[in-house]
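> What follows is a protein structure lacking sequence information:
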């Protein structure tokens, strides 16, 4: 038998408060819809998990989407953005089946909209269409190089499909992310699979990586610079700090040589001397051959001329008196 532990009289044992129940607590949920469209909603159901189909409330009716993230991950993605609508409940099987029916019908809507655009002679490209789950809204995505007056087109679309029409203009990058495709690497496009935010890309990224500046070789299927140019850019900048700058003249045991090119992968530097003879050496060998030049003596500054002293503002500033003229004798 175990020995009984005697508690001293007068010693109060700590009392632990029960943890609050998860029921009724509100947390944030990120819900994804067709393409790259997503939204953030409040939820009180603790049974909701990632990849679950849920019914959410939207501005005009209801919609069905799939949970992408929830809790702290969703809060970090949302930031300080406003969250106006809640998650109503998990979606049922027939409601999820209705989503696939609407996705199949969107191809018919897109073709019909393209025919109407050609009839009105509008310079716009219809990319995709998306039904809301309750068919209270139909969103049509398009791209255009200039401003388009589509007021008459909206009226005809509303009469044809008998719902609220929203025409939304998107860029070519967003179009590629929504439609998907295969890049020159042979894999699915990053923007349509996992890349959630498309950052601006400039030609300077290709210059820093010593890539070809031919637009056909560094452009993606959307016709813009490839998003993958940003993946290794920071690594290139960090590696370049160990090498001398291209075009810089350094003094080695051979003499004055100018840096022609660098190869960060092979850790090699190409130099050219005063006789235009080139050689390629390793970076460590270059550091060993570099001659440290003595610091130049400081140049004495030329003595500046002394400026006239400025008047003291505390003293009274009176103009100097004019000298008196000698008095001329009066004629007798």
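Okay, I see it. Not measured: the values here are computed from a predicted model. Numbering: from 1, shown residues only.

> Show me where this protein dips below the pLDDT cut-off.
1-24, 292-320, 329-332 (pLDDT under 70).

> spatially speaking, which residue is in the middle of it?
residue 199 (3.5 Å; CA atoms, centre = their mean).

> three-state assignment of that one?
coil (DSSP: H, G, I helix; E, B strand; the rest coil).

> Tell me how many other residues crowd the closest residue to it other than its chain neighbours.
Leaving aside its chain neighbours, residue 199 sits nearest to residue 230 (6.3 Å; criterion: CB to CB, 6 or more residues apart in numbering). C-beta coordinates here come from the backbone N, C-alpha and C atoms, glycine included. Taking other CB atoms under 10 Å as the neighbour definition, residue 230 ends up with a count of 14.

> and residue 230, what is it in contact with?
Residue 230 makes contact with 199, 201, 205, according to CB atoms under 8 Å, 6 or more residues apart in numbering.

> Nearest to residue 118 among the residues you listed?
Set against residue 118, the nearest of the contacts of residue 230 by CB to CB is residue 201 (33.3 Å).

> And the nearest residue to that closest one once chain neighbours are set aside, how far from residue 160?
Excluding the flanking residues, the one nearest residue 201 by CB to CB, 6+ apart is residue 225, at 4.4 Å. Distance of residue 225 to residue 160, computed by CB to CB, to the nearest Å: 39 Å.

> okay, the two: which has more neighbours?
residue 225 (19 against 14).

> Was I right to think residue 49 contacts residue 67?
Yes: using CB atoms under 8 Å, residue 49 is in contact with residue 67, at 6.9 Å.

> Pick out whichever of these two has more residues nearby.
Between residue 49 and residue 67, residue 67 has the larger neighbour count (other CB under 10 Å), namely 22 against 9.

> Spell out which residues sit in contact with the more buried one, please.
29, 30, 31, 32, 48, 49, 50, 51, 52, 53, 54.

> Closest one of those residues to residue 181?
The closest of the contacts of residue 67 to residue 181 turns out to be residue 32 (CB to CB; 19.1 Å).

> tell me the phi and psi of the closest one?
Backbone torsions of residue 32, given as degrees, to the nearest 10, read phi -100, psi 140.

> got a list of what it touches?
38, 65, 66, 67, 68.

> Can you tell me the element the third one falls in?
When you say that, I think you mean residue 66. strand 61-70 (DSSP states H and E).

> which parts of that strand are buried?
Neighbour counts over strand 61-70 (16 or more other CB atoms under 10 Å) mark 62, 63, 64, 65, 66, 67, 68, 69, 70 as buried.

> same thing with stretch 244-260?
Neighbour-count burial for stretch 244-260 [16+ other CB under 10 Å]: 244, 250, 252, 257, 258, 259.

> any idea whether the fifth one is helix, strand or coil?
Taking three-state DSSP as the rule, one finds residue 258 in the strand state.

> From residue 287, how far out is the closest residue to residue 271 other than its chain neighbours?
Excluding its sequence neighbours, the residue lying closest to residue 271 (CB to CB, 6+ apart) is residue 257, at 4.1 Å. For residue 257, the distance to residue 287 (CB to CB) stands at 14 Å.

> which stretch of helix or strand covers the nearest residue in space to residue 233 that is not next to it in sequence?
Among residues not flanking residue 233 along the chain, residue 205 sits closest, at 5.3 Å (CB to CB, 6+ apart). Taking DSSP H and E as the definition, residue 205 sits inside helix 204-208.

> Check which element follows that helix along the chain.
Sequence-wise, the next helix or strand downstream of helix 204-208 (DSSP H and E) is helix 215-218.

> for the top helix by length along the chain, packing partners?
With secondary structure taken from DSSP state H, the chain has its longest helix at helix 93-120. Judged by 3 or more CB pairs under 8 Å, 6 or more residues apart in numbering; DSSP states H and E, helix 93-120 is in contact with strand 53-58, strand 61-70, strand 125-131, strand 137-143, helix 151-161.
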